[in-house]
Structures are given as C-alpha cells and as structure tokens.
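Got a predicted structure plus its sequence, pasted below:
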Amino acid sequence: MEEVRATTAWVANRATHVMVDSFELEKAVDSIQGSVPKVKWDFEGIHYFDGGPLTVQYLFVLDALNFCFWPDEELIYDHLASGLKASLQKDKYALDANRLQMYTGPQLRELLNWSRPLPLEEERVRLLHEVGLELERNFGGEAANLVKASKNSAASLISIITSNFPGFRDHSLYKGHQVFLYKRAQIFVADLWGAFKGEGYGKFNDISSITIFADYIIPAVLRQLGILKYSSALSDSIDSKIEVCAGSEEEVEIRACSIYAVEKMRELIKSKFKKQVLSIEMDLWLWSYGVRNSALPHHRTLSIYY
Ligand SMILES: Nc1nc2c(c(CN[C@H]3C=C[C@H](O)[C@@H]3O)cn2[C@@H]2O[C@H](COP(=O)(O)O)[C@@H](O)[C@H]2O)c(=O)[nH]1
C-alpha cells in the first residue's frame, strides 16, 4: 500500500484547501497517551458471521456496496449490513455469483428491506453484477477463492481485487498526478481481519501495511479534533451541506489529508510512546466516534468509492 501512502502524502504537501495541523495532531496523540481506545469489530452487532466462506462472500458484497448513504437522510451503513445479513439467513444462496448478476434495483431494495430507491441505485446494481460476473469468471464464483489467492497478504489481496474488479479502483487525479485511495478494497481486508479475528480468512502477514479508509466520516472526526483545518470557503460549503464535486481538488485533499494525518499520528505514537498501532485500529476508533456523533458535518460527494 506504499502507493496509497506516497500519493496521499504528495497531495497533503501541496494542499491549499485542507491543512493538517501538527500541533493539534500531537495534542490528540498526547491526550490518549499513545493508547488508541480499543473498539470491537461489529460493535454494532449487525454483521453476518458463520466462520466460513459464506461470510467472505457476504463481506465482499457488503464492501462492493459500501458507499454513499447520505443522499437519503434515513439510510445508513447499518441498513446495508443488516439487510444483507437477513437475506442470507432467509436464503443462503442469495449472494451466489449467478444470483448477483441478476438483481434489479427493486430486488436490491427488497434485499435490503428498503422501500424507496437507493442512492445511486443503478450504480449499485451495476457493481453487484460486476462482482457476480468477475467472481464467476475468475474465482469459481466464490470471494473466498480471491482471499485464498492472496496467500495471507493484504497488499496482494488489494492488488487482485483492483485488477479484477474495476468498481474497486478508487483513485483520483490531482494536479495531473494519480492518487490512490482504495477505500473499499482496504476495508474488505479490515473486515476479514476483524470478523475472523486475524485467523483463517482473516490472517494477513502484512496487516500493518494498509491505511485508514477515506470515507466521509473520518474526515469529519479529524476536523472536529482540529487535526484537519479547512479553508473558509470549504468550511462554509460543508457546513451548509453543499455538495463537493468528485475529483475536485477539495475532495481529493480531504481524503488524502485524512490518510496522511492518521499515518502521521501512527508515526508519532511510535516515536513518542514506543507503541505500534495499526491503521485499522485507528480507523475503527475514529469511525465509531464519528457514527456515535452523527451530527458532525461531513462532506457530501456523489461517489461509488465511499
Ligand atoms: N473509515 C471507515 N468508514 C466506514 C466504515 C464502515 C463500517 N465498517 C465496519 C467494520 C467494523 C465496524 O464494526 C463496521 O461495521 C462504513 N464506513 C463508511 O462510513 C460511511 C457511512 O456512514 P453513515 O452514512 O453514517 O452510515 C460510508 O462512507 C461508509 O462507507 C469503517 O469501518 N471505517
């Protein structure tokens, strides 16, 4: 994941709309004395888990659709997770590769027990079809085979996913340079690691190589902590819920600076408190804080990536 780390640092060093405040960053690290509060994976109790390959299929489909809930004010991530879980409990074949290729928008709503059109519904359906088709074509229909092919390497798994599933190629152009963010591919690794407690399908020898997952919650938390500072124009648009365009400098800076800031926090925790912290642990802590404080203003970008 060096590509993610290097390209987001490149953006952070040239950013003009977003600034990483190193004084506030150090204050935050000092306030926890370098010990990141532990948050249990699935602290919400919403996920499907049976300890086997069907759980891997569930997590892959979950992360294929893990983006852009905010346009519907009542829809949140939990609806996606618990909807998929309930449909698997009703019918264990619901997420089979051949079935994934046939879902329509209304059927997807039914799967998620949601009565209105979903945000970016056509894209969600297209991505579901893509997952089904590519799984069938190259992985015997099973996401578990994707994971086996990575041979316990998170970096390999992300590379296999982004090579085979175009919908997971979360990147942007910034001042002419390609910037890699890979939010949903990385979160899939984290979900496996969390669900399987670092064993079996969740065993990765290089788990420390992944970064945080640049969504719309983590930046809101970092801003609340004073670690991210926005220009007054950007602050005003976010606070007034004005959309930030996908691919704009502002959007790329928000996401890249979030990754960069948390990498800096990890480095500081290591040098000052002699502790090794994983980005996943940082992410889970910050994200759970963010969802518990749902009033935090977040940037609004229409995107299939997060
Ligand atoms: N950085 C980061 N972003 C995450 C997650 C998760 C869920 N992870 C599972 C793993 C362990 C936990 O127990 C969770 O069950 C979702 N998101 C993002 O949040 C946004 C949804 O917000 P709202 O509209 O309020 O529901 C949306 O962009 C979604 O993609 C995470 O962990 N990290």
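On my side now, so go ahead.

anything in the longest helix belonging to the chain near the ligand?
Longest among the helix segments of the chain by residue count, using DSSP state H, is helix 249-273. No. Against the ligand, helix 249-273 shows no contacts by C-beta under 6 Å from any ligand atom, the least distance being 8.7 Å. C-beta coordinates here come from the backbone N, C-alpha and C atoms, glycine included.

Could I get the buried residue list for that helix?
Buried residues in helix 249-273, counted by 16 or more other C-beta atoms under 10 Å: 249-266, 268-269.

With stretch 153-166 instead?
Of the residues in stretch 153-166, 153-155, 157-162, 164-165 count as buried by neighbour count, 16+ other C-beta under 10 Å.

Am I right that Gln178 falls within a strand?
Yes. Per DSSP: H, G, I helix; E, B strand; the rest coil, Gln178 lies within a strand segment.

and the nearest residue to it once chain neighbours are set aside, how many neighbours?
Excluding the flanking residues, the one nearest Gln178 by C-beta to C-beta, 6 or more residues apart in numbering is His171, at 5.8 Å. Look at His171: counted by other C-beta atoms under 10 Å, it has 16 neighbours.

what's the distance between His171 and the ligand?
From His171 across to the ligand, the span is 17 Å (C-beta to the nearest ligand atom, to the nearest Å).

again, but for Asn164
21 Å.

element containing the nearest residue to that residue once chain neighbours are set aside?
Distances taken as C-beta to C-beta, 6+ apart place Glu134 nearest to Asn164, at 5.2 Å, with adjacent residues excluded. Element membership of Glu134 [criterion: DSSP states H and E] is helix 121-138.

Report whether that helix contacts the ligand.
No. Using C-beta under 6 Å from any ligand atom, helix 121-138 stays clear of the ligand, coming no nearer than 12.6 Å.

how far out from the middle of the chain is the helix or strand that comes right after that helix?
Once helix 121-138 ends, the next helix or strand along the chain (criterion: DSSP H and E) is helix 143-149. Relative to the chain's own centre, helix 143-149 is displaced by 19 Å; criterion: C-alpha atoms, centre = their mean, to the nearest Å.

In helix 143-149, which residues are buried?
Buried-residue list, helix 143-149, by 16+ other C-beta under 10 Å: 143-144, 146-147.
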